[in-house]
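*Asks:* A structural model of the following input is requested.
(2 chains)
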Amino acid sequence: MNELPRFALLLLVFGLLLGTSVVLSRASERFGLPIALIFLVMGMLAGVDGPGGIEFGDFHLAFRLGTASLVLILFDGGLNTSLAAVRRAALPAGILATVGVAGTALLVALGARLLLNFVWPLALLLGAIVSSTDAAAVFAALRGSGLHLRRRLAATIEVESGINDPMAMLLTTILTANLLTPGEFSAWRAPVEIAMQLAIGVAAGVIIGLTGRRLLGRLRLPVEGLYPVLTLSLAALAFAVPTLLHGSGFLAVYVAGLTLGNGDMPYRAGVFRVHDALAWLSQITMFLLLGLLVNPRDLVPVATIGLVLAMLLAFVARPLVVALCLWPLKFARREVGYIGWVGLRGAVPIILATVPVLAGAPGARGIFNIVFFIVVVNAFVPGATVPWLTRRLRLERAGGGPLPPVLALNSREPLEGQLLSFHVDPALAVAGLAVADVELPEGAAVILVVRGQALLPPAAGLILEPGDHVYIVCRSEDQPLVQLLFGRPDQD
Amino acid sequence: MLSSLFAPDALRLDLSGTSQDEVLAELVALLGLDGPDAAILQKLLKRRESLGSTGVGRGVAIPHTRCALVDGLRLAFGRLPPGIPWAAIDNRPVHFFFLIVAPPLEVSNEYLPVLGRIAQFVKEPDVPERLAGLSAPEDFFALLREKGL
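*Replies:* Numbering: from 1, shown residues only, chains lettered A, B, ... in the order given. Alright, predicted model coming up:
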């Protein structure tokens, strides 16, 4: 076959898999299943044991594409995380992402050693691989049920998952090296190495993020479409530079996204939309590829081991470690229980499981299959219980969650002033008042009210009803008064 | 006049609460409410705080709500010398609390104007310092009068 038809065939398969995955993502809303599971199953169906029959066993390509996808997902996660959320959750998320990850890894390793008779180096490696969580899985499960978590809780889960992948990656690399050359890493050297990598990662992320901010502010690019290309290049640099300097590129890319996202940016809404789409494309591609990579019939022999470890992770390791990590902080008991339960696993453990395979470590293929099995089980328990538990523990956010904006500024030049949107809750001072009776500062005005599907012009007599979304333009210095009347903006 | 809306005993310059719940309870007590009524009002104030802090910056918070337990607009002021984190807009601890409670239906429609006037008052450059320097409740009323409130 000629090269062109061969490539067209490849694109045909890719297009079909991608499109079907997107269409089927609605099923996740209907059945409350993690959306990632659908993509993963699609990949498995397309694979060698499914009707698709595609043979794919290139761990190298899977690792590279998986890493690139993770970079885009983490960058997008950083862009969309507000500094307020980081401030709210820095301490608990920081503890969970470091001590928590190490603790979870140790407990899973202990279980693998004592219950399943794994040798210590393999048990520890397995523990490290499954130790990091995926907030996107939690939020996707909640979004499908129309639920929005309390802010501090949501911020803790989100920031934890943004910064715990680097720790899991470092542990996996160190333990893989240890498996290949026992004693290569002494117990005292590992914490020093980890601290150094994390420090370099944070520093590089901040420097690249701040440099990017200045660059974006000063450059006058000829067309709007080049701005997301520039931010994409910053994401690539934020991963590559610290990695080459022996730092954590994953942490750096998240921090760079955070630094960029919390500053002024030309065509902000457009740039964010591109990165959001890239993150989704990455998510789907990554899961499809990982689904293709595994041979479902290889999972059968590891089913018992995988099930035991998945239960150990869900019912013992994660809840216990979370309880210990959050014990000194002022979290309600049900919040601690919730964070402990909803530690969903995403694609990261599967990508991490390719590290020992690529390094040629003994027993690595078995570990890969076990990890894959754990992630799939984890999607059901605790994955499928997330919406139910959120309602049961009454952890929904007061006032509901932010709606996607119907209005957003999209300007090359930084504009003076703010466009803010607010959800009208009955507890707000303005609820039930007419627009004319809302005494806003001189430089502020209601410019639009969205009620259900209707766009309402802010006529003086229009009553602000609970459930409305109000759009206000104001000067930055008037924001405190506007927030006093309308509460926290959706953008926060 | 704003000063006329504060009952003379609705002022305390030595609040001592160490959590949001404790501070709100102290403020509610200034309105002479206790028992279940106080608990209801406190819950309403907490609900409002959960929608976004009423900490407007510079050490000031203006907790407010409508509540059927009052038949007219009621105001209270409390000062907490050590300060407390209140998720304020400038992330600084809050020392000064202006409590506003309005009935669900107001004939005079004063709730929002009063909220706005207090917010404007605390924006004046010297106000936080002057509030910190109050030594007796009369000084508070004198300050309001001086500012034309």
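*Asks:* Check residue B:80 and give its pLDDT.
*Replies:* Residue B:80 is assigned 97 on the pLDDT scale.
*Asks:* now swap in residue A:120 and tell me
*Replies:* Among the per-residue scores, residue A:120 holds a pLDDT of 91.
*Asks:* now swap in residue A:29 and tell me
*Replies:* pLDDT, residue A:29: 69.
*Asks:* tell me the contacts of whichever residue of chain B sits closest to chain A?
*Replies:* Closest contact between chain B and chain A, by C-beta to the nearest C-beta, is at residue B:52 (3.1 Å). No exception for glycine: its C-beta is placed from N, CA and C like everyone else's. Shown in contact with residue B:52 (C-beta atoms under 8 Å, 6 or more residues apart in numbering or on different chains): A:483, A:486-489, A:492.
*Asks:* which residues in chain B form helices?
*Replies:* Counting by DSSP state H, chain B has helices at residues B:20-29, B:35-50, B:111-123, B:127-132, B:137-146.
*Asks:* and the second one, which residues are buried?
*Replies:* To tie it back to what came earlier, the one meant is helix B:35-50. For helix B:35-50, the neighbour count (16 or more other C-beta atoms under 10 Å in any protein chain shown) marks B:38, B:41-42, B:44-46, B:48-50 as buried.
*Asks:* Pull out whichever of those are also neighbours of chain A.
*Replies:* Restricting the buried residues of helix B:35-50 to those touching chain A (C-beta under 8 Å from any C-beta of the partner chain) yields B:44, B:48, B:50.
*Asks:* Tell me how far the first one lies from residue B:62.
*Replies:* Applying C-beta to C-beta, to the nearest Å, one obtains 15 Å for the distance of residue B:44 from residue B:62.
*Asks:* now swap in the second one and tell me
*Replies:* The span separating residue B:48 from residue B:62 equals 10 Å under the rule C-beta to C-beta.
*Asks:* Now for the two: what residues contact both?
*Replies:* residue B:54.
*Asks:* can you count the residues close to the nearest residue to residue B:53 once chain neighbours are set aside?
*Replies:* In space, residue B:53 comes closest to residue B:87 once its chain neighbours are excluded; the distance is 4.0 Å by C-beta to C-beta, 6 or more residues apart in numbering or on different chains. Using other C-beta atoms under 10 Å in any protein chain shown, residue B:87 is surrounded by 19 other residues.
*Asks:* repeat for the one 4 residues further on
*Replies:* The local packing count at residue B:91 equals 14, with neighbours defined by other C-beta under 10 Å.
*Asks:* Give me the buried subset of the contacts of residue B:52.
*Replies:* A:483, A:486-489.
*Asks:* measure the residue of chain A found nearest chain B to residue A:266 for me?
*Replies:* Among the residues of chain A, residue A:488 lies closest to chain B, at 3.1 Å counting by C-beta to the nearest C-beta. Using C-beta to C-beta, residue A:488 is found at 26 Å from residue A:266.
*Asks:* for stretch B:48-59, the distance to its chain's centre please.
*Replies:* Put simply, stretch B:48-59 sits 11 Å off its chain's centre (C-alpha atoms, centre = their mean, to the nearest Å).
*Asks:* okay, how far is it across that stretch, tip to tip?
*Replies:* Counting by C-alpha to C-alpha, to the nearest Å, you get 19 Å between the two ends of stretch B:48-59.
*Asks:* need the helices of chain B in a markdown table with mean pLDDT, can you?
*Replies:* Shown next, in a markdown table, are the helices of chain B (pLDDT from 0 to 100):
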| stretch | mean pLDDT |
| --- | --- |
| helix B:20-29 | 95 |
| helix B:35-50 | 93 |
| helix B:111-123 | 92 |
| helix B:127-132 | 95 |
| helix B:137-146 | 91 |
